[in-house]
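> Kindly generate the corresponding structure for this input.
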Amino acid sequence: MNYENHIAHFVKYNRNKLRLTQEELAEKAGVGLRFVRDLEQGKETLRMDKINQVLQLFGYTITPGPGRIKDPYDILINHFNRNVHIYLRDESELFGFIIDNITEDNVIVAWKFVSNNNAIEYQKTKNPTLESTIPHALIENIENIQNS
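Numbering: from 1, shown residues only. Got it, this is the predicted structure:
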């Protein structure tokens, strides 16, 4: 997934969370409907100032700086409730399922996780003691595991 798609997923996720149509988002941001559609489809050649106009509605802007390997909305869309292999910044690795997100001020900051060792019991009991919390900032990379 490229950088533009992270923005596309972020905008669409937040627009839907606020129950806005694309038309309403375009009007509130002061951009055209076509721009919002292109943005949500991940078009690679969009004006940065207009992207920031849209992002400002959600309290964000794009600025230069170090990025994370995985955007939280990429994890939510592509790895949620799937068997995953998570590489953490401390070089440890986890295998299991991301079952929920934890937000602060409408920003995903951590993930509820169930290891493969506990997955069957958790599926039967939903026992919260089988869950662990992974701060998003500690995730270096994440991959889906293909079950055969």
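> quick one: average pLDDT of the longest strand along the chain?
The longest strand of the chain (DSSP state E) is strand 93-104. What strand 93-104 shows for mean pLDDT is 93.
> give me the element the spatially most central residue of the chain is part of.
By Cα atoms, centre = their mean, the chain has its centre lying nearest to Y73, at 1.1 Å. Taking DSSP states H and E as the criterion, Y73 maps to helix 72-78.
> got it, and V36?
Short version, using DSSP H and E: V36 is in helix 33-40.
> helix or strand right after that helix?
Next along from helix 33-40, by DSSP H and E: helix 48-56.
> Buried residues, that following helix. List them.
For helix 48-56, the neighbour count (16 or more other Cβ atoms under 10 Å) marks K50, I51, Q53, V54, L55 as buried. Every residue, glycine included, has its C-beta placed from N, CA and C.
> What I need now is those residues written out in TSV, including distance to D105 for each item.
Listed next are those as TSV, based on distance: Cβ to Cβ, whole Å:
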residue	distance to D105
K50	25
I51	21
Q53	21
V54	19
L55	15
